[in-house]
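S.K.: Need a 3D model of the following:
(2 chains, ligands or ions: 1)
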Amino acid sequence: MKNDNKGYMQQLLQEIQAETMEVSLMEVCGTHTMAIARSGIRGLVPSNLKLLSGPGCPVCVTAQGDIDAVIELVRDSGITLLTFGDMMRVPGTESSLQEERSKGADIRVVYSPLDALAAAKSLPDREVVFLGIGFETTAPAVGITVEEAMENGIHNFSLFSLHKLVPPALELIFSDPDINVDGLICPGHVAAVTGVEPYRLLAEKYSKPCVVTGFEAVDILEGVVMLLRQLHQDKATVEIQYRRVVKKEGNLVAQATLEKVFQATEARWRGLGSIPGTGLELRRAYEKMDARKKFGVREIEDVPIKGCACGEVLTGKITPHDCALFGKGCTPLRPIGPCMVSQEGACAAYYRYTPLRD
Amino acid sequence: MCLGVPGKVVQIMEHGSARVDVDGNQTDISIKLTPEVELGQFVLIHAGFAMEIIDQQVAEETMYLLKELLQYEE
Ligand code: SF4
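M.R.: You can find the predicted model right below:
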């Protein structure tokens, strides 16, 4: 905590602590999950104010069947798969990418999709598949990579897209009667790409205030206060707390890239099921680089992981502490579900920063 | 995955790429999503791409936050 903010933070905290309404606010971004857990804010707010974690961690929301389909694909010996490090340990039904690699599959961790393109150039005799995962913050980078592959005629490069869109998935959260959310702490970096328009539409359609919030403790406190004030004034609009980074219109180049390369499709979410219009697949012009089509990847049904409550955690129905396996059978070293694998997962964040009280 | 890494553009190169300084280490990134970026400006980097142009203060606080969040990594 930086000293110059202390007085202001104290003031924000006082306003929050004076709150008497029953309020549930949800955050939908892995970095918020980590930052809120790390800051200890949950322990400082009154018990009538709930700070829930929603489906904000891209690895965690990936459906079990999709992971199993990727695992099936890498068992084909002609394929080299490249992906972000977080995906390696995510448990599939009977294996994980890490396990497949130890059994001989060619799987490599990259930091950027451009590294995957470079690999495709240097391995002309192999089929190089990039496993694309992430929300609006990562998908434009992958879109540019696909365009470059196309322009340069790199025909052994393809994309297995598990990309998802945040705002349309939130519609489901807002319309589910079992999920009780009064206001939304919107993800700063997703909004930096999309702009605030999608959140304005959501706020108005469902009469829930939305505040695009940054990641410092002071940002989060300020975001919470802005949401509470809207609720008290019976307002439901979108506001930007994270003005330092987020422009109202977002990143127009990134939006144009998404629009050009991808189209919205149905996607499966862990905990939420199949939701139309929340996934991204390559448009027709880029279809040859769609790994699912290129290799005839089949749909695999979701087999729930026994005892794992990630689905309920991801929708804010329970907290990680409510899962019977939390800290007992399931720890970051021996994760059972994806929410404990990714450092952005709610279970992992709780494990690190808010251990179970006896 | 969501939180970008801040870097300072130290060289604009051809084919839409740039060299950036990230906490003392130099690395090459794509600036195709922020084509207007200029030498000396700060950017937030996601997956090897500059996603937003930011000011120095945001760059510093983001780096501070990243270090704070990641120090708990095993
Ligand atoms: S603690 Fe483990 S088993 Fe329980 S919900 Fe979280 S990841 Fe799943």
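
S.K.: quick one: the helices in chain B?
M.R.: B:56-70 (DSSP state H).

S.K.: Which single residue of it approaches chain A most closely?
M.R.: Relative to chain A, the nearest point of chain B is B:G48 (2.5 Å; CB to the nearest CB). No exception for glycine: its C-beta is placed from N, CA and C like everyone else's.

S.K.: so what's the closest residue to B:M63 other than its chain neighbours bridging to?
M.R.: Spatially, and ignoring its direct neighbours in sequence, B:M63 is nearest to B:P6 (5.4 Å; CB to CB, 6 or more residues apart in numbering or on different chains). Here B:P6 sits in beta bridges with B:L44, as judged by DSSP bridges.

S.K.: quick one: contacts for B:P6?
M.R.: By CB atoms under 8 Å, 6 or more residues apart in numbering or on different chains, the contact set of B:P6 is B:V22, B:F42, B:V43, B:L44, B:I45, B:I54, B:V58, B:A59, B:E60, B:T62, B:M63.

S.K.: A:L159 falls within a helix, correct?
M.R.: No. Using DSSP: H, G, I helix; E, B strand; the rest coil, the secondary structure at A:L159 is strand, not a helix.

S.K.: Hmm, it is touching A:M289, no?
M.R.: Yes. Counting by CB atoms under 8 Å, A:L159 does reach A:M289; the two are 5.6 Å apart.

S.K.: Mutual contacts of these two, please.
M.R.: A:V146, A:L282.

S.K.: The two: which is more packed in?
M.R.: A:L159 (28 against 23; other CB atoms under 10 Å in any protein chain shown).

S.K.: What distance do you get for that one to the ligand?
M.R.: Distance of A:L159 to the ligand, given as CB to the nearest ligand atom, to the nearest Å: 28 Å.

S.K.: who's that residue bridged to?
M.R.: A:L159 forms beta bridges with A:F130, A:D290, as assigned by DSSP bridges.

S.K.: For it, give me its contacts.
M.R.: Counting by CB under 8 Å, 6+ apart, A:L159 makes contact with A:V129, A:F130, A:G132, A:V142, A:T145, A:V146, A:L282, A:M289, A:D290, A:A291.

S.K.: Which of the three states applies to the fifth one?
M.R.: Under three-state DSSP, the three-state class of A:T145 is helix.

S.K.: Could you report the distance from it to B:K32?
M.R.: 10 Å (CB to CB, to the nearest Å).

S.K.: the more surrounded of these two?
M.R.: Legend: neighbour count by other CB under 10 Å for A:T145 and B:K32, higher for A:T145 (29 against 22).

S.K.: Strands of the stretch 51-200 of chain A, residue ranges please.
M.R.: Taking DSSP state E, counting those that start in this stretch as the test, the strands found in the stretch 51-200 of chain A are A:79-83, A:106-109, A:127-132, A:157-161, A:183-187.

S.K.: again with chain B
M.R.: B:5-12, B:17-22, B:25-30, B:42-46, B:49-54 (DSSP state E).

S.K.: where's the nearest residue to A:M88 once chain neighbours are set aside relative to A:G92, distance?
M.R.: Nearest residue to A:M88 in three dimensions, chain neighbours excluded: A:Q98, at 4.5 Å (CB to CB, 6+ apart). Here A:Q98 is placed at a distance of 10 Å from A:G92 (CB to CB).

S.K.: Deepest-packed of the strands of the stretch 51-200 of chain A, please.
M.R.: Highest mean neighbour count of these: strand A:183-187, a mean of 28 (counted as mean count of other CB atoms under 10 Å in any protein chain shown).

S.K.: Just checking that one against chain B, any contact.
M.R.: Yes. Judged by CB under 8 Å from any CB of the partner chain, strand A:183-187 comes into contact with chain B through A:P187.

S.K.: Run through who's touching that strand.
M.R.: Here strand A:183-187 has contacts from A:23, A:25-29, A:31-32, A:51, A:56, A:135, A:166, A:170, A:199, A:202-203, A:208-213, A:220, A:223-224, A:227-228, A:230-231, A:238, B:2, using CB under 8 Å, 6+ apart.

S.K.: Which strands border it, and is each parallel or antiparallel?
M.R.: Partner strands for strand A:183-187, per DSSP bridges, with pairing direction: strand A:23-27 (parallel), strand A:210-213 (parallel).

S.K.: will you turn those into TSV that also has distance to the ligand and mean neighbour count?
M.R.: As requested, the strands paired with strand A:183-187 are exported to TSV (distance: least, CB to the nearest ligand atom, whole Å; neighbours: other CB atoms under 10 Å in any protein chain shown):
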stretch	distance to the ligand	mean neighbour count
strand A:23-27	17	22
strand A:210-213	24	29
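
S.K.: Can you lay out those strands as JSON lines showing mean pLDDT?
M.R.: Formatted as JSON lines, the strands paired with strand A:183-187 follow (pLDDT from 0 to 100):
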{"stretch": "strand A:23-27", "mean pLDDT": "94"}
{"stretch": "strand A:210-213", "mean pLDDT": "94"}
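
S.K.: Columns distance to B:A18 on top of these, output as CSV?
M.R.: As requested, these are exported to CSV (distance: least, CB to CB, whole Å):
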stretch, distance to B:A18
strand A:23-27, 32
strand A:210-213, 27
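
S.K.: Nearest to A:P332, out of those?
M.R.: strand A:23-27 (20.5 Å; CB to CB).
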